[in-house]
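Peer 1: Structure, please.
(2 chains)
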There are 2 protein chains.
Amino acid sequence: MSRFDVIAFDADDTLWHNERLYREAQEKFKNLLAHYHSREWIAERLDATEMQNLQHFGYGIKSFALSMIETAVELTEGRITGQEIQAILEMTKNMLAADVQLVERVPETLARLAETYALMVITKGDLRDQETKITRSGLADFFSHVEIVSDKKSANYARVLKRHNIAPERFVMVGNSLRSDILPVLEIGATAIYIPHELTWTHEHADAPTDESRFFEIAQFGDLPDLFATLERD
Amino acid sequence: MSRFDVIAFDADDTLWHNERLYREAQEKFKNLLAHYHSREWIAERLDATEMQNLQHFGYGIKSFALSMIETAVELTEGRITGQEIQAILEMTKNMLAADVQLVERVPETLARLAETYALMVITKGDLRDQETKITRSGLADFFSHVEIVSDKKSANYARVLKRHNIAPERFVMVGNSLRSDILPVLEIGATAIYIPHELTWTHEHADAPTDESRFFEIAQFGDLPDLFATLERD
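Peer 2: The predicted model follows:
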């Protein structure tokens, strides 16, 4: 018998690249406002506006767009032009329609893991955006369930496990965010596998757990089958 | 034994008033742009932009906000001011933070129905906005499940019923939108109860079904217990 029943995956920057889209948009945003302010100051104000607006808007591209617009108005003391606002709206639609770029070796790795475990997705952000990305990714058939949540705190994970009747000790979460995918999962007594992504939003940073027997870190997605083989032998 | 197991409720304009918030925002938006165009033309262009953006943005207040901003840029040929954009962002935050105004007799009616049936919410829109409204409404404890979906087509309902192992003939949906709450539910073989709301978004209009034994219409939420008593006697 396997040690685990269910492996759940974060989506953005675990299954497919996502933070790149935000970084590209931030660069364009800095270019757009470059004749008003320094690039560093623009980046700093955008970041501060995003953090402040999380309570109003939550996560996702539409929230990011509203924060870009708010920052543009603020930084230009209202002198922002309609064309510049239009450019931000265009960037937003392009982000929402962007091709889904899978992380290396994701499909074949999921196929191997699916032979032994039930696979799930647990992701946060815009409901519609996440749904269409799962469809466009071509990965939907690997997953028995897709859970799109508004936040990834331990209570959100506990609710998902309860809903699906999964015991924490038989559940593994895989993701690139220590803050959202790892720490809250360890907190409820489940296992967490951290796969760092070259780009991770600063808001998602946290210290890695120390002295925690249910925490594992690997370098890339394709290393998962070997790690599970080891865990099942222990 | 009861004829039904589960009653599911639409949220916006079924459990609490919602369309009023949009109508108020539209009025403010028309006032804001009144020195550029006629109120009728502003309303018409906003509506057209919203419809066109549904494919990009989906439903909800943040999507509506982005459409207001886009319409404002377009209608002013880019002459919209930063202050006017700021006013739209403020309206958006106020909409998201607005008090939840319950429809008349909702709590006591839910309490009576909960004696016999499992109650659910099935609503579409922003994940975070709908979650916080359910919390703020004070109604959360009546519901065994809350499903927030990106759209309300028959496939969305079929998925929810399958996930919860509910047979369509034992499921009833209650809502104010013929297009979203009634027709797709009848299509999957379940029962639907239509409670018209004085304000309903034009996008949600559809013709009422004729000659359909699983369709019922009542005037107000408080009429539900009597209707169920009749249905159980039949």
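Peer 1: in the lengthiest helix in chain A, what's buried?
Peer 2: Under DSSP state H, the helix in chain A containing the largest number of residues is helix A:39-57. Neighbour counts over helix A:39-57 (16 or more other Cβ atoms under 10 Å in any protein chain shown) mark A:42, A:43, A:45, A:46, A:47, A:49, A:50, A:53, A:56, A:57 as buried. Placement of C-beta: from N, CA and C, glycine included.
Peer 1: For it, give me every contacting residue.
Peer 2: With Cβ atoms under 8 Å, 6 or more residues apart in numbering or on different chains as the contact definition, helix A:39-57 has outside contacts at A:26, A:29-30, A:33-34, A:36-37, A:63-64, A:66-68, A:70-71, A:74-75, A:202-203, B:62, B:92-93, B:96-97, B:128.
Peer 1: repeat for stretch A:2-11
Peer 2: By Cβ under 8 Å, 6+ apart, the list of residues contacting stretch A:2-11 reads A:15, A:18, A:113, A:116-123, A:130, A:133-134, A:147, A:160, A:164, A:166-167, A:170-177, A:180-181, A:191, A:228, A:231-232, A:234.
Peer 1: mind giving me the domain ranges of chain A?
Peer 2: Structurally, chain A divides into domains by automatic domain parsing as follows: A:6-16+A:100-233, A:19-97.
Peer 1: Could you save these as JSON lines and add columns showing distance to residue B:83 and mean pLDDT?
Peer 2: Compiled in JSON lines, the domains of chain A are given as follows (distance: least, Cβ to Cβ, whole Å; pLDDT from 0 to 100):
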{"stretch": "domain A:6-16+A:100-233", "distance to residue B:83": "28", "mean pLDDT": "93"}
{"stretch": "domain A:19-97", "distance to residue B:83": "5", "mean pLDDT": "93"}
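Peer 1: Including distance to residue B:101, could the ones you listed go into a markdown table?
Peer 2: Below are these laid out as a markdown table (distance: least, Cβ to Cβ, whole Å):
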| stretch | distance to residue B:101 |
| --- | --- |
| domain A:6-16+A:100-233 | 22 |
| domain A:19-97 | 20 |
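Peer 1: Restricted to strands, list the contacts of stretch A:2-11.
Peer 2: A:118-123, A:147, A:171-175, A:191 (DSSP state E).
Peer 1: returning to that earlier point: pull the distance from the longest helix of chain A to the chain's centre.
Peer 2: 18 Å (Cα atoms, centre = their mean, to the nearest Å).
Peer 1: likewise stretch A:206-213?
Peer 2: With Cα atoms, centre = their mean, you get 20 Å for stretch A:206-213.
Peer 1: ok, now stretch A:62-70?
Peer 2: Distance, stretch centre to chain centre, for stretch A:62-70: 18 Å (Cα atoms, centre = their mean).
Peer 1: Stretch A:212-219 now?
Peer 2: Per Cα atoms, centre = their mean, the centroid offset for stretch A:212-219 relative to its chain is 19 Å.
Peer 1: hmm, back to that, which pair in the ones in strands among the contacts of stretch A:2-11 spans the largest distance?
Peer 2: A:123 and A:191 (18.6 Å; Cβ to Cβ).
Peer 1: So for these two, which residue has more residues nearby?
Peer 2: A count of neighbours by other Cβ atoms under 10 Å in any protein chain shown puts residue A:123 above the other of residue A:123 and residue A:191, at 26 against 22.
Peer 1: What about the closest residue to the more buried one other than its chain neighbours, how many residues nearby?
Peer 2: Spatial nearest neighbour of residue A:123, excluding adjacent residues (Cβ to Cβ, 6 or more residues apart in numbering or on different chains): residue A:11 at 3.8 Å. For residue A:11, the neighbour count with other Cβ under 10 Å is 22.
Peer 1: List phi and psi for residue A:11.
Peer 2: Here is the backbone geometry of residue A:11 (degrees, to the nearest 10): phi -100, psi -70.
Peer 1: Let me know the secondary structure of the most far-flung residue of chain A relative to its centre.
Peer 2: Largest separation from the mean C-alpha position in chain A: residue A:79, at 34.1 Å (Cα atoms, centre = their mean). Secondary structure state of residue A:79, per DSSP: H, G, I helix; E, B strand; the rest coil, is coil.
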